[in-house]
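K.L.:
here is a sequence together with a model predicted from it:
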Amino acid sequence: MLDFIQEVIDLSDKIDDRRRFHEAAKPWLLKMGTPEYIHKVFEMNLMDNGFLQRKWSTYETPFLYLFENNHFYLKYHVFLTVKSMDVEKTTNIIHHHNNYLLSSLAAFGSGYYTIHYDKKIVSNPDGTHSLKRTRDFNHLPGEISFVDSYEPHVVFNPSELSATTVLWSPDKKQITDNLRNHPLVKPFKKLLIRIIHFFGASRQLGVAEENVCQYYLENGKYYAVKETEIFESFKAEMGPEVDDYYINALALFMQKTNYKNTSFLNQMIKKETTPETWKKYLTQLANGEPINEVYGRETLYIPNGEMRKEDLLRAPSI
Ligand SMILES: [Fe+2]
């Protein structure tokens with residue numbers, strides 16, 4: 001196991017209050033955000049055949065795995081720029097992460113601008129919604145930002161490729177946590193979740209609610225769209241081109257952090273089990289050839305196709 005992970009496991013075991021656990025884990029997150037550490041994590045991911053073979057889907061953020069147990073997980077997320085370099089546009093629509101708490105360290109790159117909203121969203125009779133802005137700030141390199149469970153927020157396009165070290169955990173230690181990855185429960189997970197939804201117990205039990213909505217702004221008013229509708233539009237987008245795009249993004253990220261362990265890279269390139277797409281980008285990394293720039297999506301799954309900073313900051317805030 002890589003350095004510092006055991007310390008976070010110990011904190012998680014000792015501290016039942018999950019918000020206090022996130023607070024206590026901050027110094028370790030900072031240590032996990034250095035380029036040297038990121039390089040070790042990259043190599044750990046490359047040694048995992050499951051990761052190399054994974055089929056990416058366009059609703060995911062490019063990521064590297066760091067650690068996962070039943071109570072929390074650690075990853076790196078990569079935020080790509082958009083080709084237009086328009087940092088006044090959001091990269092997604094207003095969303096929350098259900099019962100998950102998120103601590104994210106802006107570990108690399110420019111970081112990004114973000115707006116947070118109050119958890120309480122008012123539904124109006126005309127079908128629109130009222131939201132209250134609580135914070136807006138630049139999530140800057142070296143800083144850790146906390147997103148509470150059910151806290152709506154939105155992120156803007158970064159001005160440079162950026163990466164965050166992210167710590168995720170449910171907001172309560174649940175009796176179901178140890179069941180989540182239980183081999184006997186896994187086959188029945190979908191059925192169990194349907195039963196939980198049927199009884200309306202999602203929030204108490206810490207599973208994602210069935211009709212989770214995301215919100216967008218149009219002509220000064222907020223509208224809701226079901227999360228399932230957004231995800232379904234992306235889920236179909238999988239295949240070799242999608243895999244190429246994600247692997248390209250990860251290789252570009254590593255090149256920007258000056259990763260160049262040629263002996264390790266050459267070992268990976270020679271390995272028969274390494275997929276061709278990985279070999280292509282690892283060869284470019286090993287040879288120091290500039291890796292192709294890849295860009296994030298310019299348009300969002302909403303009628304206007306975009307949300308802009310000035311509109312969001314000008315919109316009524318209850
Ligand atoms: Fe988010």
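P.N.:
Structure's in. What do you need? Numbers count the residues shown, from 1 in each chain.
K.L.:
in terms of helices and strands, where is D10?
P.N.:
helix 5-14 (DSSP states H and E).
K.L.:
packing partners of that helix?
P.N.:
Contact analysis of helix 5-14 by 3 or more CB pairs under 8 Å, 6 or more residues apart in numbering; DSSP states H and E lists helix 18-31, strand 63-68 as its packing neighbours. For every residue, glycine as well, the C-beta is placed using N, CA and C.
K.L.:
repeat that for 10 Å
P.N.:
The criterion is 3 or more CB pairs under 10 Å, 6 or more residues apart in numbering; DSSP states H and E, and the helices and strands that helix 5-14 contacts are helix 18-31, strand 63-68, strand 162-170.
K.L.:
please work out which of these is packed deepest.
P.N.:
Highest mean neighbour count among those (mean count of other CB atoms under 10 Å): strand 162-170, with a mean of 24.
K.L.:
in its sheet, what does it sit against?
P.N.:
Applying DSSP bridges to the sheet, strand 162-170 is found paired with strand 73-79 (antiparallel), strand 100-108 (antiparallel).
K.L.:
those strands into JSON lines, with extra columns for mean pLDDT, mean neighbour count and distance to D311?
P.N.:
JSON lines is the format used below for those (pLDDT from 0 to 100; neighbours: other CB atoms under 10 Å; distance: least, CB to CB, whole Å):
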{"stretch": "strand 73-79", "mean pLDDT": "98", "mean neighbour count": "22", "distance to D311": "21"}
{"stretch": "strand 100-108", "mean pLDDT": "98", "mean neighbour count": "23", "distance to D311": "25"}
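K.L.:
for R308, find the nearest of those strands.
P.N.:
Taking CB to CB as the criterion, strand 73-79 is the member of the strands paired with strand 162-170 that comes nearest to R308, at 18.0 Å.
K.L.:
burial of V294, as a residue count?
P.N.:
21 (other CB atoms under 10 Å).
K.L.:
which ones are touching it?
P.N.:
Counting by CB atoms under 10 Å, 6 or more residues apart in numbering, V294 touches 62, 78, 80-81, 83, 161, 244-253.
K.L.:
before we move on, which element is Y222 in?
P.N.:
strand 221-226.
K.L.:
what lies in contact with that strand?
P.N.:
93-94, 117, 121-124, 126-131, 152, 210-217, 232, 300-303, 312, 315-316.
K.L.:
again, only using 8 Å
P.N.:
93-94, 123, 127-131, 211-217, 301-302, 315 (CB atoms under 8 Å, 6 or more residues apart in numbering).
K.L.:
for stretch 268-277, same thing?
P.N.:
With CB under 8 Å, 6+ apart, stretch 268-277 has contacts from 46, 49, 52-53, 240, 243-244, 247, 278-279, 282-283, 286.
K.L.:
just those now: which is nearest T262?
P.N.:
Closest to T262 out of the contacts of stretch 268-277 is A286 (5.1 Å), distances taken as CB to CB.
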